[in-house]
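Trainee: below: sequence and its predicted model.
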Amino acid sequence: MRELALFPLNIVAFPNEAVNLHIFEPRYKALINDCLSKELTFGIPSFVLNKIDLGTELEIVEVTKKYDDGRMDIKTKALSVFKVDEFWNPWGINEYAGGKIEYIPTSDEATDLSLLYQFKEMVAKLFVWLGELDAPDISTITSVYDIGHKIGLKPEEEYSLLEMLTENDRLRYALKHLENLLPALERAQNAQERIKQNGHFKHLDPLKF
């Protein structure tokens with residue numbers, strides 16, 4: 001266990017994800033300045049389920065812009081997933097929150113390559129269907145985390161990925177989601193096309209009985 005400065009947000013940050021943040025609230029300006037001066041990391045507990053439980057540790061990569069009033073734009077990289085055992089707001093003499101956390105252990109279970117291949121195939125189909133012009137290179141995907149924000153998951157579903165201990169569990173979850181999503185998108189498109197036809201003069205062949 002260790003103590004960590006905490007910045008609760010209504011987002012889910014996946015390990016290795018680049019997270020860009022605009023810092024404007026005084027207490028979080030203080031948090032970021034402390035992390036910069038002391039070369040510390042901080043945590044984002046994901047508040048998507050209205051509770052402080054799971055989150056992700058972040059390291060500051062770059063301050064891209066500082067404003068005259070102390071606001072700043074920063075680039076960070078998400079590291080490890082953690083569980084919040086104790087939450088303090090404020091944290092001691094600090095203006096901002098903190099807590100006692102423990103890291104979620106990384107599973108040593110080997111990724112099922114057949115599941116990964118199926119997942120990449122489904123993601124490719126999704127991007128083709130959406131006509132995504134700047135879609136990421138599917139061949140570079142090694143984890144659901146790499147593409148988790150781009151497959152139509154709700155925030156609470158993204159949070160579920162953080163709760164899972166193995167990549168294979170995340171792959172099965174994401175596959176099930178895509179297997180339901182793609183047919184639903186196709187049905188919606190077909191319904192939209194039928195709606196557009198209503199009110200137009202139609203040339204129809206008479207039925208022959």
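Mentor: Arrived safely, thanks for sending.

Trainee: and the average pLDDT for stretch 103-110 is what?
Mentor: The pLDDT scores in stretch 103-110 average 90.

Trainee: what number of residues lie near residue 181?
Mentor: 16 (other C-beta atoms under 10 Å). Where you see a C-beta, it was placed from the backbone N, CA and C, and this is true even at glycine.

Trainee: ok, it touching residue 152?
Mentor: Yes - between residue 181 and residue 152 a contact is recorded at 5.5 Å, counting by C-beta atoms under 8 Å.

Trainee: the bottom helix or strand of the protein by mean pLDDT?
Mentor: None of the helices or strands of the chain scores lower by mean pLDDT, DSSP states H and E than helix 167-197, at a mean of 78.

Trainee: hmm, residue 5 is touching residue 100, no?
Mentor: No - when contacts are counted by C-beta under 8 Å, residue 5 is not listed as touching residue 100 (11.9 Å).

Trainee: those two: which has the busier surroundings?
Mentor: residue 5 (21 against 14).

Trainee: can you name the next helix or strand after the helix or strand where that one lies?
Mentor: Element membership for residue 5 (DSSP states H and E) is strand 2-6. As assigned by DSSP H and E, the chain's next helix or strand after strand 2-6 is strand 18-23.

Trainee: next helix or strand past that following strand?
Mentor: Remark: after strand 18-23, the chain's next helix or strand is helix 26-38, criterion DSSP H and E.

Trainee: about what we covered before: overlap in contacts, residue 181 and residue 152.
Mentor: residue 126 (C-beta atoms under 8 Å, 6 or more residues apart in numbering).
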